[in-house]
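# only geometry, no sequence info:
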């Protein structure tokens, strides 16, 4: 590659690398995104390092988000045989809401919020910090 073509060549190569990394990240996300409609399946899927998509009763119900965080922490620790979280770790085993996706899958008729049992109004994505 000549000096005159270096800037164009590097820009093209960086674009190829970025597109490849993005495609790999999207594939990894899609491979680890699981729909869950029953609580019994929620924590086991978090333990598999999945993102979990669940029916949700809406953002105005913050008390149920806190319930999910507390309950998922409790069940995750119990499944690991641990009494509590290590104070030296920066992240928690508790689930946290990541987003309400713009592209919403269709909610099944009569879908209930995974936490409250109230009628679901949307899907919400949960995960953990690692």
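Cool, got the structure. As the structure is a computational prediction, the values presented were derived from the model and not from experiment.

# use CA for all of it now, contacts and neighbours both
Noted.

# Can you name the residues in contact with the worst-scoring helix or strand of the chain on mean pLDDT?
None of the helices or strands of the chain scores lower by mean pLDDT, DSSP states H and E than helix 62-80, at a mean of 91. Residues outside helix 62-80 that contact it (CA atoms under 8 Å, 6 or more residues apart in numbering): 43, 47, 83-85, 92-97, 115-116.

# Give me the subset of the residues you listed lying in strands.
Among the contacts of helix 62-80, the ones falling in strands (DSSP state E) are 96, 97.

# Make JSON lines out of the contacts of helix 62-80 and add neighbour count, pLDDT and distance to residue 122.
JSON lines is the format used below for the contacts of helix 62-80 (neighbours: other CA atoms under 10 Å; pLDDT from 0 to 100; distance: CA to CA, whole Å):
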{"residue": "43", "neighbour count": "24", "pLDDT": "95", "distance to residue 122": "20"}
{"residue": "47", "neighbour count": "14", "pLDDT": "93", "distance to residue 122": "24"}
{"residue": "83", "neighbour count": "9", "pLDDT": "74", "distance to residue 122": "34"}
{"residue": "84", "neighbour count": "12", "pLDDT": "72", "distance to residue 122": "32"}
{"residue": "85", "neighbour count": "14", "pLDDT": "71", "distance to residue 122": "31"}
{"residue": "92", "neighbour count": "15", "pLDDT": "78", "distance to residue 122": "25"}
{"residue": "93", "neighbour count": "22", "pLDDT": "85", "distance to residue 122": "24"}
{"residue": "94", "neighbour count": "23", "pLDDT": "89", "distance to residue 122": "21"}
{"residue": "95", "neighbour count": "25", "pLDDT": "93", "distance to residue 122": "18"}
{"residue": "96", "neighbour count": "18", "pLDDT": "93", "distance to residue 122": "16"}
{"residue": "97", "neighbour count": "17", "pLDDT": "93", "distance to residue 122": "13"}
{"residue": "115", "neighbour count": "20", "pLDDT": "95", "distance to residue 122": "13"}
{"residue": "116", "neighbour count": "16", "pLDDT": "94", "distance to residue 122": "13"}
